[in-house]
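# Task: produce atomic coordinates for the following.
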Amino acid sequence: MLRDNRIVLGLAAAIVLLPLVMPWDEKPEFGGSDDKASGVIAEVKPGYAPWWEPLWEPPSKEIESLLFAAQAAAGAGLLGYYAGRRSRRREDEAGRTALRRERDARP
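Numbers count the residues shown, from 1 in each chain. Below is the predicted model:
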């Protein structure tokens, strides 16, 4: 079991450290599916105009990625909180039911 944990820990360390030591020819470009979709739309229908413009544009693609990740983390946190509360509620109800049965079974 300890050996398995060491293997998993080694793999996790490799996943974290490998991108830091890999040689990069150029600076990575931060682009998402929105940018690619805009390019495809421009090819398919050159005169297309968007329906609306964003209220605020982040200053860089890195900030945009950070905000997207923060939004995903907040959503995952809320979903996990709800799932935990629901699971705990079921456990509490099952415990109360068992106590009632035990109490009712006593003479």
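# packing partners for the longest helix seen in the chain?
For the chain, the helix with the greatest residue count under DSSP state H is helix 61-105. Judged by 3 or more Cβ pairs under 8 Å, 6 or more residues apart in numbering; DSSP states H and E, helix 61-105 is in contact with no other helix or strand. To be clear about C-beta, it is placed using only N, CA and C from the backbone, and glycine gets the same treatment.
# Where does pLDDT dip in the protein?
1, 28, 30-32, 99, 106-107 (pLDDT under 70).
# Spatially central residue in it, please.
Closest to where the C-alpha atoms of the chain average out (Cα atoms, centre = their mean) is residue 72, at 4.5 Å.
# which ones are touching it?
Residue 72 makes contact with no residue, according to Cβ atoms under 8 Å, 6 or more residues apart in numbering.
# Could you check how far it is from residue 65?
11 Å (Cβ to Cβ, to the nearest Å).
# same check, this time on residue 8
28 Å.
# So if I had to pick from these two, which one is more boxed in?
Per other Cβ atoms under 10 Å, whichever of residue 8 and residue 65 has more neighbours is residue 65, with 14 against 10.
# How much space separates that one from residue 10?
Taking Cβ to Cβ, one finds residue 65 at 28 Å from residue 10.
# Also residue 42?
For residue 42 relative to residue 10 (Cβ to Cβ), the value is 46 Å.
# swap in residue 94?
Distance of residue 94 to residue 10, computed by Cβ to Cβ: 41 Å.
# Fine by me, we can end here.
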